[in-house]
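S.K.: From the sequence below, what's the structure:
(2 chains)
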Amino acid sequence: MELRSHIPDGPLAAKWERHRSEIKLVNPANKLKHHILVVGSGLAGASAAASLAELGYRVSCFCFQDSARRAHSIAAQGGINAAKNYQNDGDSVFRLFYDTIKGGDFRAREANVYRLAEVSARIIDQCTAQGVPFAREYGGLLANRSFGGVQVARTFYARGQTGQQLLLGAYQALSRQIGIGTVQMNPRAEMLDLVVIDGRARGIIVRDLVTGAVTAHAGDAVVLATGGYSNVYYLSTNAKGCNVTAIWRAYKRGATFANPCFTQIHPTCIPQTGPHQSKLTLMSESLRNDGRIWVPKKKGDTRPPHQIPEEERDYYLERLYPSYGNLAPRDIASRRAKEVCDEGRGVGPGRGGHGVYLDFRDAIARLGRPVIAERYGNLFEMYQRITGEDPFQVPMRIYPAPHYTMGGLWVDYNLMTTLDGLYAIGEANFSDHGANRLGASALMQGLADGYFILPYTIGDYLAHAKPAKVDPQHPGFRHVQGEVDEQVRRLLAASGRKTVDAFHRELGRVMWDKCGMSRNAAGLKEAIGRIGALRDEFWRDVYVGGRGEDLNQSLEHAGRVADFFEFAELMCHDALHREESCGCHFREEYQTPEGEAKRDDERFGYVAAWEFAGVGKEPVLHKEPLAFEAVHLAQRSYK
Amino acid sequence: MHLTLHVWRQRGPGLLGGFVRYAMTDVSPDMSFLEMLDVLNQQLLARKDDPIAFDHDCREGICGACGMVINGRPHGPQRATTTCQLHMRSFSHGAELWIEPWRARAFPVIKDLVVDRGAFDRIIQAGGFITARTGSAPEANSLLVRKPDADLAMDAAACIGCGACVAACPNASAMLFVAAKVSHLGLLPQGQPERDTRVVTMVAQMDAEGFGACTNHGECMAACPKEISIDFIAQLNRDYWKAVVSRTPQAARKDGGDG
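M.R.: Below you'll find the model as predicted:
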């Protein structure tokens, strides 16, 4: 297999414009003949489905939630970046591009990232026109704030609910199309497999989560906008339903999976309270703008925070990174938090608590309580609801948690996977964030892909490929549908003793311990063995219960966990092969004496794209070398 | 802490349901309400019983998927708190809890505590949007929005579409939900061109779905996890009558414009 990125020729800044002018268009009268299947209704999926329908395509959209409005993009808090330079602080398309490439530790494709920065400004225009109530200044203009890892204020926000508001904007655009009949919406419908005919993605197999009916849907192209796989860790900030199934099935049908080991652990989450914990809650990174992070200097210091005098506090991020301080990028902030906790300086219940303080005392003194309440009121309330503690009185306690996955299906410049006609957008692809994503960039990428990139590039494919009509009765569909039916039957027939949830938790523990914030070869090898054994045990000893013909949440979970069991192994293989530390991938063997990541551009300056070789078999590695023309590969420094 | 639960169990749409009693022991006060139900479901599965079905996803109070009536109150006893954000420290040892799905004709039960809220989606599809084709937007700062208007629009836009307002209302009215969207978009300059059509088509759809009328009980606001104010219902009424009185032929269009 050859990875062809299809990056257009010409200077970086002119590539997208030129490509857009050169790619083929579909005649407006012919668009109606093309049927596009969009899986997922988050920022990427909803914006793509709406935009494609506006262009005149016939669109079917699927989501497993009961409404398109509930996709997990809704939970994004902090904001969305755009190179508007409204603050006159020297921002530009190039600077946003550079920050994103550098933040990703030079493991993303230059041309894609530049295009992302280029279209970022139009996203703000589009969302504003839809009625997204962004924060404003008293003069009526849009407000901005700064975010981790950058030195300009380019983040647009709607209180602490930016993801919600952007998603509702896209959802409303999508709803308008559903209302006029150009999009056929299928809520409570989960994609369980992909159908490939003659080397092209031609449809999907879907289970109706209410009736249990498994049906085939045929189309001319399939767009996966199914989000990330942080739930492989069981505990993460992702919604409970987030899963890897759609992109994993696509991988098993021939799409390659890129950089699966690049997973982001977010530094500011509420620490775990007990074994009942079902998920972790993120506190927006924007809190780091005004909160100061510290732990006691002394190990095992159990005094309450207000009794620890200033000179006995270690503001470790400010100490280690004087120029970025509390705004150091996520990977660094997370790793340092783990480090101080591993040293026994963590705070919170229990000995050697897993938490660090995020303290607003100084900000409240400087700015006054009303300003802090205006900026973070809803986040403080949320924290108090969960922990029972008031951040105006007691510093917050935070700890890192899995949050976002940079890895995903490999896509070319047109966002097409290695399978013709199969596209991956948003978090489901690997393309823009390299080894680490900067804050407020996920929303930007999801909407860039859905509003401004895919609607153009998919036309080029349809115009060239002219896919012939295909019937869901085609043997290719019937075959895959049979396999899906068989898996459902097998899961329901298993009459073991352990619940799906118990298996998922066990898998999560292995992944967090061995393939989490820091990794080493021995641990990863051990994990691969453990995962294989656990997977066998799962199929032997799981108990799902219920029937296939109605709403069965245990069965839904079982299918997702079965795929996580296969996927986890790929993630470990990728982490094991990448013998360097870059971005969020920290290999203990590769670090400087000060504990900073040691990147190896010579050996690993490439995208690792894996090809499926069979369950439990070592996947096949393909490399896409990363060439940097516009940026100089610097050692990332936030000191 | 120990609890006694009475949970509404219903095998499917249109079937007869009833309360089933479960005794819970060793519930941690740090558990969320849904985590407590997770624990119960694990116990049910261990004895090969059917687990309780309930909608949930983000578990941080923003997706709007979860929601159940707890001792007669949608989302339980805490102010401004969704079920997933409700923690067991809000209940006392030995408490007896009656847990039911949203009850409204427009929200039929699918199974146990899961209801079909598709009616809300159809109301939005009828007109709860601003028509702005991708790519057609003007430069964002060319449009000034007074900060108080933007803030108020955001207050209304905070609605998570959970349906607690309907469940709380003795008439099962969806007025607060509709009012929130009508006000969010109507308060912004971008929303003006379609302001009249929007309110008329959304209200028509709301009626068609079988929601009841508003008779100013105010229960919706009390139950709303995002504390959306019933002032927006007043705004909705004003907008609605204004639109009806000044109705032009275009205002009756339901299709939301050309594709």
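S.K.: quick one: the helices in the stretch 151-300 of chain A?
M.R.: All helices of the stretch 151-300 of chain A, identified by DSSP state H, counting those that start in this stretch, fall at A:162-179, A:245-252.
S.K.: Tell me which of those is the most buried.
M.R.: helix A:162-179 (a mean of 28; mean count of other CB atoms under 10 Å in any protein chain shown). In this view, the C-beta of every residue, glycine as well, is placed from N, C-alpha and C.
S.K.: do it and chain B meet at all?
M.R.: Yes. Using CB under 8 Å from any CB of the partner chain, we find that helix A:162-179 touches chain B at A:Gly163, A:Gln164, A:Gln165, A:Leu168, A:Tyr171, A:Gln172, A:Ala173, A:Ser175, A:Arg176, A:Gln177, A:Ile178, A:Gly179.
S.K.: name the helices or strands packed onto that helix?
M.R.: In terms of contacts (3 or more CB pairs under 8 Å, 6 or more residues apart in numbering or on different chains; DSSP states H and E), helix A:162-179 is packed against helix A:43-55, helix A:110-130, strand A:183-186, helix A:442-447, helix B:118-127, helix B:147-157.
S.K.: count of residues packed around the closest residue to A:Phe604 other than its chain neighbours?
M.R.: Closest residue to A:Phe604 apart from its sequence neighbours, by CB to CB, 6 or more residues apart in numbering or on different chains: A:Glu580 at 4.6 Å. When neighbours are defined as other CB atoms under 10 Å in any protein chain shown, A:Glu580 has 21 of them.
S.K.: Would you format the helices and strands packed on helix A:162-179 as CSV with mean pLDDT and mean neighbour count included?
M.R.: CSV is the format used below for these (pLDDT from 0 to 100; neighbours: other CB atoms under 10 Å in any protein chain shown):
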stretch, mean pLDDT, mean neighbour count
helix A:43-55, 98, 31
helix A:110-130, 98, 24
strand A:183-186, 98, 22
helix A:442-447, 98, 30
helix B:118-127, 98, 24
helix B:147-157, 97, 20
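S.K.: Dump these into JSON lines; add distance to A:Asp89 as well.
M.R.: Formatted as JSON lines, the helices and strands packed on helix A:162-179 follow (distance: least, CB to CB, whole Å):
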{"stretch": "helix A:43-55", "distance to A:Asp89": "26"}
{"stretch": "helix A:110-130", "distance to A:Asp89": "15"}
{"stretch": "strand A:183-186", "distance to A:Asp89": "40"}
{"stretch": "helix A:442-447", "distance to A:Asp89": "18"}
{"stretch": "helix B:118-127", "distance to A:Asp89": "38"}
{"stretch": "helix B:147-157", "distance to A:Asp89": "21"}
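S.K.: With pLDDT and distance to A:Val214 added, can I get the residues of helix A:162-179 next to chain B in CSV?
M.R.: Shown next, in CSV, are the residues of helix A:162-179 next to chain B (pLDDT from 0 to 100; distance: CB to CB, whole Å):
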residue, pLDDT, distance to A:Val214
A:Gly163, 97, 32
A:Gln164, 98, 32
A:Gln165, 98, 36
A:Leu168, 98, 31
A:Tyr171, 98, 27
A:Gln172, 98, 31
A:Ala173, 98, 30
A:Ser175, 98, 27
A:Arg176, 98, 30
A:Gln177, 98, 26
A:Ile178, 98, 23
A:Gly179, 98, 28
